[in-house]
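[1] sequence and computational prediction follow.
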Amino acid sequence: MPSNEENWAKYEESIEKFIQVIAKNMNLYGITSSVGRLYGALYFADQPMTLDDMRDALEMSKTSMSTGVRALADMKMVETAYKKGMRKDLYKSEEDWYKSFTSIFGNKWEKSTQSNLEEADETIEELKQLKEDVNDSELIERIDKDIDRLQYARDYYTWLLQFIHVVESGEIFKYVPKPPKR
């Protein structure tokens, strides 16, 4: 039978392995693996951590920890915590991954989609202006086809913004419910 010490070592190894998986997959959200490790460490911490605690646990610089915590806080994946008598800032992970996902998804996708929509509008206007100055029937035909394509893209981006709103607002959970809490 393994010793108590060996069991604790196996436990820590298992948790560390999962934290590495979290870190590796955080790039899907535009998060570096080191910030993903930070989130994983906070998620499995029994209590809120200071930047010094995080630095010691992850062997990273305090500056890196501060930058990582700020990035995670901006994505609503980490929040500040308070403990009476504690002067240093404490942080804990947002344990509702659904909330984190909807926040990250919404922020990232909305910016890109809005930008694409604006570019489509600008290109449509540029092509309409160009069409007024063109006498080449082949080019006019090509411009008309491309304006149609751009209007299709515009419709898609408008739909995508609606979808993003459904995700951000939490309305998505009416259609794809969260599993019951354990």
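    Good, I have the coordinates. Predicted model, so just to flag it, every value in this text is computed and none were measured.

[2] going by C-alpha atoms from here, please, whenever you check contacts or count neighbours.
    Will do.

[3] which residues touch S103?
    With C-alpha atoms under 8 Å, 6 or more residues apart in numbering as the criterion, the residues that contact S103 are M75, K76, E168.

[4] distance check, the second one against S66.
    Distance check for K76 against S66: by C-alpha to C-alpha, to the nearest Å, it reads 15 Å.

[5] re earlier: so which of the contacts of S103 is the most crowded?
    The residue in the contacts of S103 with the most neighbours, by other C-alpha atoms under 10 Å, is M75 (23 neighbours).

[6] how does this structure divide up, domain by domain?
    The chain is divided into the following domains under automatic domain parsing: 4-94, 98-175.

[7] helix, strand or coil for the closest residue to I22 other than its chain neighbours?
    For I22, the nearest residue in space outside its immediate sequence neighbours is G36; the separation is 6.2 Å by C-alpha to C-alpha, 6 or more residues apart in numbering. Here G36 is helix, with the state taken from DSSP: H, G, I helix; E, B strand; the rest coil.

[8] neighbours of G36, how many?
    Close neighbours of G36, defined as other C-alpha under 10 Å, add up to 23.

[9] still on that earlier bit, by mean pLDDT, show me the worst of the domains of the chain.
    For these, the bottom mean pLDDT is recorded on domain 4-94, which sits at a mean of 89.

[10] quick check: end-to-end length of that one?
    Where domain 4-94 starts and where it finishes are 31 Å apart, if you go by C-alpha to C-alpha.

[11] pull the number of nearby residues for Y175.
    There are 9 residues near Y175, going by other C-alpha under 10 Å.

[12] residues contacting it?
    With contact taken as C-alpha under 8 Å, 6+ apart, Y175 is in contact with no other residue.
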